[in-house]
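>>> The following block contains a protein sequence and its predicted model.
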Amino acid sequence: MTDNRNMFIAIGLSLAILIGWQYFYALPQAEKQRQVQAQQQAAQQSQTPPVTASETTTQPDAAPSAPGAQQTAPRAATRAQALAASPRVLIETPRVKGSISLRGARADDLSLSDYRETVDPKSPNIVLLSPSGAPEPFYAEFGWTAAPGSNVALPGPDTLWTAEAGAKLTPATPLTVTYDNGQGLLFKRTFTIDDHYMFTVKDEVENKGTAPATLYPYALVSRHGMPHTQGFYILHEGLIGVMGDHGLQEITYAKMDDAKPATFKATGGWLGITDKYWAATVIPDQKVAVDSRFSSSMLGQTRTFQADYLAAAQTVAPGASIASQSRLFAGAKEVAVVDGYEKQYGIDRFDLLIDWGWFYFITKPLFLVIDWIYKLVGNFGVAILIVTVLLKGLFFPLASKSYASMAKMKALQPEMVAIRERYADDKVKQQQATMELYKKEKINPVAGCLPIVIQIPVFFALYKVLFVTIEMRQAPFFGWIRDLSAPDPTTVFNLFGLIPWDPSVVPVLGPYMMLGAWPLIMGVTMWVQMKLNPAPPDPTQQMIFNYMPIIFTFMLAHFAAGLVIYWAWNNTLSVLQQAAIMKRHGVRIELWDNIRGAFRKKAPAKG
């Protein structure tokens, strides 16, 4: 019974590995190849004359809606040329740099001062927002729309707004731009920004004419072109939002390609477009009812994606004024910052902007503990090692019972072998006698599985933390590990960099040849842990258990280095913990005997 259980566990783990390989590596690689092909095709199409759209998109029933994607300028050759095509007001804060376009009064130029594209400190800063006409437009727009058929002249993407000379948007100095429509309506838009990534946008309309006007405030985030995505199953990238009772909504770019607009009626909430580490979201007043929408359309030969909301109509009478306020989050999804905005502005479940996954109740607390320890020790890798020790201590009572049960089972090995020999031809009686022995000695045969079961949710929670939290991005450990969220960059196949050759370029086998030092260390610790117990008598089981460390080594070579370091350290602690418990129960530790036996030449079979 015990042998069969171990075999089933091994087979189950092997299947989990194979499935994990498909989700975490094989499928993402195929998706990346598909995206590369799509980008190449898009690049070829972009050589054709651009199509400029000036009309807005309305719903079939003629109800007002937020404007659709609009491109106001021919596609420029570079982002710098697109920026130079319109007058701008600079944005300068400790954490972001960019500008507000006076043509359309859009937030369409933003780079993040604290983040770079690679671990090289001289690499370019991360660019989040880019203007229409740039190679990859991504911007936020605010304003007013009117019911279809209305003749009110409203500012649009081509409208040139006016700002005071020398104006600049900083945390200490708001930016106010104005536009007079020539029909008695004066539009005023005021941008403010804090020390991090939150813009507050206040739109006001003053009616100096003789007729009332009915307007609907809106805000949107628009992205042109299919963006590059990580393509991992456990990570959402695309359109995202929380809309009241509808809860969290996540729609990938692929699903929006040909889908009809997804609409939601809610009070407050937020919505936008997210990448792995960055996002741009518009946030209405949390007490205002809005019609939220995710949509996708073709602009010429370019696919566009948009998240927008439309608030209730406001009527501005002659001599009166109306106002609407919204916010724009555009920046890095830092946990403390995002959580802080949720509390400061009462934004409904804004912390879900970070993809904590199904194990939210484990993943987020685990990150908060790691982050707290990091602030004490100054190294996320060391923090992970300390958290592993804490987890081992937390689950020690349960693990102690499990290892104690395993120790008792090991002590009963001679009797179990005798039972197998006595009932060699009767498997039913063999299992019955084994279970009676367990009952007599008060042993739970399933208890040995508990350490594995306990480790699985923690493993995936830590994997999620390493993969989605920007705090782990480019976080160094020691030596050659300069980014805990990326795989170990070394490989044994070029002697860890001593040979000037890149094995990854080898056709077909290249990805499998990126086998770094830490995955090898992990494999050795796993092998040692398995050798702590005697080899199972069944040759098939022996083969499965012998190959499992090898399979895990190649599999985890493509996982985040921080996860591999955790696994190696966890294995080491498990070996020490199990050995101590076995010794306390008087069970002989055969680790060194089993290791020597693995390298000892087997005697030829007799007869």
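Arrived safely.

>>> Could you use CA atoms for every contact and neighbour count after this?
Noted.

>>> which residues does the residue nearest the centre of the chain contact?
The centroid of the chain falls nearest to Val468 when counting by C-alpha atoms, centre = their mean (3.4 Å). Residues in contact with Val468 (C-alpha atoms under 8 Å, 6 or more residues apart in numbering) are 235, 276-277, 354-356.

>>> a markdown table for the residues you listed, including secondary structure, distance to Tyr374 and pLDDT?
Formatted as a markdown table, those follow (DSSP: H, G, I helix; E, B strand; the rest coil; distance: C-alpha to C-alpha, whole Å; pLDDT from 0 to 100):
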| residue | secondary structure | distance to Tyr374 | pLDDT |
| --- | --- | --- | --- |
| Leu235 | coil | 24 | 87 |
| Lys276 | coil | 22 | 93 |
| Tyr277 | coil | 20 | 94 |
| Ile354 | coil | 20 | 96 |
| Asp355 | coil | 21 | 94 |
| Trp356 | coil | 19 | 92 |
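
>>> Among those, pick out the one closest to Ala557, please.
Leu235 (19.4 Å; C-alpha to C-alpha).

>>> hang on, the earlier thing: how near is the residue nearest to the centre of the chain to Ser485?
In this view, Val468 and Ser485 are 9 Å apart by C-alpha to C-alpha, to the nearest Å.

>>> Show me where the stretch 401-550 of the chain has its strands.
Using DSSP state E, counting those that start in this stretch, the stretch 401-550 of the chain contains no strands.

>>> Below-threshold pLDDT in it: ranges please.
403, 406-407, 410, 444-452, 454-455, 533-539, 541 (pLDDT under 70).

>>> can you count the residues close to Leu175?
Residues near Leu175, counting by other C-alpha atoms under 10 Å, number 20.

>>> got a pLDDT number for it?
At Leu175, the pLDDT value in this model is 97.

>>> OK, contacts around it?
For Leu175, the contact set (C-alpha under 8 Å, 6+ apart) comprises 163, 167-169, 190-192.

>>> can you put those in CSV and add neighbour count and secondary structure?
Listed next are those as CSV, based on neighbours: other C-alpha atoms under 10 Å; DSSP: H, G, I helix; E, B strand; the rest coil:
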residue, neighbour count, secondary structure
Ala163, 16, strand
Ala167, 16, coil
Lys168, 20, coil
Leu169, 22, strand
Thr190, 17, strand
Phe191, 21, strand
Thr192, 18, strand
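
>>> Tell me the one of those nearest Lys97?
Using C-alpha to C-alpha, the contacts of Leu175 come closest to Lys97 at Leu169, 10.0 Å.

>>> Pairing partners for the closest one in the sheet, please.
Legend: beta-bridge partners of Leu169 under DSSP bridges are Ile91.

>>> residues making contact with stretch 184-201?
For stretch 184-201, contacts defined as C-alpha under 8 Å, 6+ apart pick out 93-96, 142, 169-171, 173-181, 202-210, 325-332, 337.

>>> Filter the residues you listed down to the ones in strands?
Members of the contacts of stretch 184-201 lying in strands (criterion: DSSP state E): 96, 142, 175-180, 202-207, 325-332.

>>> okay, now Gln249: neighbour count?
For Gln249, using other C-alpha under 10 Å, the count is 14.

>>> For it, list each beta-bridge partner.
Gly241.

>>> list the contacts for it?
Contacts for Gln249 (C-alpha under 8 Å, 6+ apart) come out as 239-243.

>>> rerun at 7 Å
Contacts for Gln249 (C-alpha atoms under 7 Å, 6 or more residues apart in numbering) come out as 240-242.

>>> Output the contacts of Val468 in JSON lines, with distance to Glu250 and neighbour count appended to each entry.
As requested, these are exported to JSON lines (distance: C-alpha to C-alpha, whole Å; neighbours: other C-alpha atoms under 10 Å):
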{"residue": "Leu235", "distance to Glu250": "11", "neighbour count": "18"}
{"residue": "Lys276", "distance to Glu250": "13", "neighbour count": "19"}
{"residue": "Tyr277", "distance to Glu250": "16", "neighbour count": "19"}
{"residue": "Ile354", "distance to Glu250": "12", "neighbour count": "24"}
{"residue": "Asp355", "distance to Glu250": "10", "neighbour count": "23"}
{"residue": "Trp356", "distance to Glu250": "13", "neighbour count": "23"}
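
>>> follow-up on the earlier one: looking at neighbours, which among the contacts of Gln249 is most surrounded?
Going by other C-alpha under 10 Å, Gly241 tops those with 29 neighbours.

>>> if I look at it, how far off is Trp278?
Gly241 is 14 Å from Trp278, where distance means C-alpha to C-alpha.

>>> wait, Val242 sits on Gly269?
Yes. Val242 sits in contact with Gly269 when judged by C-alpha atoms under 7 Å, with a separation of 5.3 Å.

>>> and the residue lying closest to Asp502 once chain neighbours are set aside, how many neighbours does it have?
Leaving aside its chain neighbours, Asp502 sits nearest to Asn494 (7.2 Å; criterion: C-alpha to C-alpha, 6 or more residues apart in numbering). Using other C-alpha under 10 Å, Asn494 is surrounded by 16 other residues.

>>> ok, Asn494 to Pro503 distance?
As for Asn494, its distance to Pro503 is 7 Å (criterion: C-alpha to C-alpha).

>>> Same check on Leu186?
Distance from Leu186 to Pro503, by C-alpha to C-alpha: 64 Å.

>>> Now do the contacts for Ile273.
238-240, 279-281.

>>> distance of it from Val282?
Counting by C-alpha to C-alpha, the gap from Ile273 to Val282 is 9 Å.

>>> Summarise which helices and strands the helix ranked longest in the chain is packed against.
Taking DSSP state H as the criterion, the chain has its longest helix at helix 561-584. Helix 561-584 sits against helix 380-394, helix 396-411, helix 450-468, helix 517-531, with contacts defined as 3 or more C-alpha pairs under 7 Å, 6 or more residues apart in numbering; DSSP states H and E.

>>> Could I get the buried residue list for the third one?
Going back to what we said before, that points to helix 450-468. Applying a neighbour-count criterion of 16 or more other C-alpha atoms under 10 Å, one finds 451, 455, 458, 461-468 buried in helix 450-468.

>>> Pull the distance from stretch 349-356 to the chain's centre.
Here stretch 349-356 is found 10 Å from its chain centre; the criterion is C-alpha atoms, centre = their mean, to the nearest Å.

>>> measure that stretch end to end?
First residue to last in stretch 349-356 (C-alpha to C-alpha) measures 12 Å.

>>> Run through who's touching that stretch.
Contact with stretch 349-356 is made by 235-236, 242, 333, 338-339, 342, 363-364, 464, 468, as judged by C-alpha under 7 Å, 6+ apart.
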